[in-house]
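1. Show me how the following folds:
(2 chains)
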There are 2 protein chains.
Amino acid sequence: MTSNWTRRAFGVATVALIAIAGCAGPGAKAPAGDPLPSWRDGPAKAAITDFVADVSREGSKSFVPKEERIAVFDNDGTLWAEQPLYFQFVFMLERVKAAAPRHPEWNDNPAYKALAAGDHAAAFANQKALFEVLLAADAGASVDEYDQLIRAWLAQARHPKTQRLYTEMVYQPQLELLNFLRSRGFKTFIVSGGSHEFMRPWSEAVYGIPPEQVVGSFTPLKFEPAGGQLKLVRQPGMEMNDGPTKPVGIYRQIGRRPILAVGNSDGDLQMLQFTTQGPGRRLAVIVHHDDAEREFAYDRKSHIGTLDKAWDEAVAKGWTLVSMKNDWTQIYPPVK
Amino acid sequence: MTSNWTRRAFGVATVALIAIAGCAGPGAKAPAGDPLPSWRDGPAKAAITDFVADVSREGSKSFVPKEERIAVFDNDGTLWAEQPLYFQFVFMLERVKAAAPRHPEWNDNPAYKALAAGDHAAAFANQKALFEVLLAADAGASVDEYDQLIRAWLAQARHPKTQRLYTEMVYQPQLELLNFLRSRGFKTFIVSGGSHEFMRPWSEAVYGIPPEQVVGSFTPLKFEPAGGQLKLVRQPGMEMNDGPTKPVGIYRQIGRRPILAVGNSDGDLQMLQFTTQGPGRRLAVIVHHDDAEREFAYDRKSHIGTLDKAWDEAVAKGWTLVSMKNDWTQIYPPVK
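-> Sure, this is the predicted structure:
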């Protein structure tokens, strides 16, 4: 197989992706009137549009040069859904199942035993054992082989509640916000606990965010001979980009302090702190999952996407809280 | 001190930088005629211009979509000079000198003892001991404090041979090449063994390469309380981006395989291999330091910038070799 993750940008999974992106996706012009039609008028929408106007209008006291208009977005729970289980984990658990016959030693791993018995809660209670299994499943694969596995999975796997493809579980209001920001000269980045490799195959088609603007957790790699070629080969392990390491990931990969950050959980707290600590006009936004009917209501007490410390700090510091129930007229984009 | 590496882009050192950038720097339009006026007509120039025409012309058999026109450049010895000592090392040795009073334990370090005695060769012979000292010098500083040290040093330190500022030791033909590539839709990246933090304060003003397109060696950081604020604090150590880890750095930060790579030494070999291994039209370029009069002639046998294995592979595979002596009509830009 000719090996190249560059040229696969329009491969197997992308057909489905393009379909939804057409609606308010990359490249689409904002409507002549309201650039955020799925955002209901209210304090959250006003905070965002005021901020963008303030920093992008020449002559404004809060004007920020175009190259410094850096906006960072968490992914899981901020740009797409994350319930009942991070979508990357759903994929990784399938990969564990596929790899199990090659790993008899897993029969002694308590998390694997729990998974095999269908007891996810028990598996997640032992995170160390769980990650050992998750991260070993495709160690030894090249990045190209792994990329193909991700694309093939995304092309057919469907969400248990909505029956949508996972890449159709993105939030329509956020697609509009990304477009709006770019139309005002912002450069938009993902800064996620998910891994680079899991997000990059579809981030450009779905969000209009190119691979080089995706910051994620990182699987260690070695450039070494494999099958008669030099390949980037995946090693066991994961350098996490979450909580206090999100500012580190931002410094490493972006090298500028963002002026706008959007998150939804305690894993985003330090990114929001880091963003708002800079001088001049800054905006921190938190998406609050309070819509049990159209999405999920969970964040104040959940093992996934907990919003506890970050909520307190948001209230104390006047950060912008977005109620999915009240501020968004629509959750997901229409499926074409 | 208000802490922010974003807003310092136009700080103290930048005045001098802008001056030279004006000549063929970022944003400058290529002249109506030849986009590479400092490149003498010959096989190297033809290989570059043919390649660029082939991949950027709609309808060409080798056409590459704009978003995949990724070009990567090594920095030391490729975009600017590196003799008699990597410029970042000159800076770091000054920092060692400044930090020495706080580190009495260095008196037992053989590399430090050699440095103190003025014996650079002996110091470099013991790289482990040397790096221990180099990387400890400003551990504990915040990234903002370190950024200021770099800017202050670059604003006044001068090269021992030319008496130029170090940021004036960039290669005029490469400034033209970077501009030419961007005018043809390429996105230009630095992929260097130097550190992110040392290159980013000036890469945008001098090369037109923004911080987020600089891939370098990485000083470990922690986001932690320091002086009543949360800061990114430098830790001892360095994750090197050199040789076999350059493809890893490219995957991590860019996430696409480049179609054009330019280097000058064995430290660039794997980046050149990785680039040329992809399908379709690819170009690998090596700058050969053979101009003792106008620059330095050293690369085939030098402890800095050795060009040995990469030379053999370039000859075997028909990569493009650039003779600084014959292919470049000018080395450095005029100082205004």
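
2. gap between A:V55 and chain B?
-> From A:V55 across to chain B, the span is 12 Å (C-beta to the nearest C-beta, to the nearest Å). Yep, even glycine has a C-beta here, placed from its N, CA and C like the rest.

3. do the same with A:G255
-> From A:G255 to chain B the distance is 3 Å (C-beta to the nearest C-beta).

4. can you pull the contacts of the closest residue to that residue other than its chain neighbours?
-> Leaving out its chain neighbours, the residue that sits closest to A:G255 by C-beta to C-beta, 6 or more residues apart in numbering or on different chains is B:P211, at 3.1 Å. The contact partners of B:P211, by C-beta atoms under 8 Å, 6 or more residues apart in numbering or on different chains, come to A:I254, A:G255, A:R256, B:H196, B:R200, B:S203, B:E204.

5. again with A:L79
-> Counting by C-beta under 8 Å, 6+ apart, A:L79 has contacts A:F73, A:V170, A:Y171, A:Q174, A:I190, A:Y207.

6. got it, and A:A116?
-> A:A116 sits next to A:A100 when contact means C-beta under 8 Å, 6+ apart.

7. Could you export the contacts of B:P211 to CSV, including columns for secondary structure and distance to B:Y332?
-> Converted to CSV, these look like this (DSSP: H, G, I helix; E, B strand; the rest coil; distance: C-beta to C-beta, whole Å):
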residue, secondary structure, distance to B:Y332
A:I254, coil, 31
A:G255, coil, 26
A:R256, coil, 29
B:H196, helix, 25
B:R200, helix, 22
B:S203, helix, 17
B:E204, helix, 20
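
8. Looking at these, which is nearest B:D266?
-> Nearest to B:D266 among these: B:H196, at 22.0 Å, using C-beta to C-beta.

9. For chain B, what is the nearest residue in the stretch 101-250 of chain A?
-> Closest to chain B within the stretch 101-250 of chain A is A:P211: 3.1 Å, counting by C-beta to the nearest C-beta.

10. Give me the three-state assignment for A:Y251.
-> Following DSSP: H, G, I helix; E, B strand; the rest coil, the label given to A:Y251 is helix.

11. Local confidence estimate at it?
-> pLDDT for A:Y251: 98.

12. ok, back up a step: I'd like to know which of the contacts of A:L79 is nearest to B:E293.
-> Nearest to B:E293 among the contacts of A:L79: A:I190, at 49.7 Å, using C-beta to C-beta.

13. Distance check, the closest residue in space to the closest one that isn't next to it in sequence against A:G194.
-> In space, and not counting its chain neighbours, A:I190 is closest to A:V214: 4.8 Å by C-beta to C-beta, 6+ apart. Distance of A:V214 to A:G194, given as C-beta to C-beta, to the nearest Å: 9 Å.

14. So which of the two has more stuff around it?
-> Set A:V214 next to A:G194 and count neighbours by other C-beta atoms under 10 Å in any protein chain shown: A:V214 wins out with 25 against 22.

15. Spatially nearest residue to A:E204 (excluding sequence neighbours)?
-> Closest residue in space to A:E204, ignoring its immediate chain neighbours: A:P210 at 5.0 Å, by C-beta to C-beta, 6+ apart.

16. list the contacts for the one you found?
-> A:S203, A:E204, B:E67.

17. Can I have the buried ones of these as a ChimeraX selection?
-> Restricted to buried positions by 16 or more other C-beta atoms under 10 Å in any protein chain shown, the ChimeraX selection for these reads:
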select /A:203,204
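
18. so which helix or strand takes in A:P236?
-> Under the criterion DSSP states H and E, no helix or strand holds A:P236.
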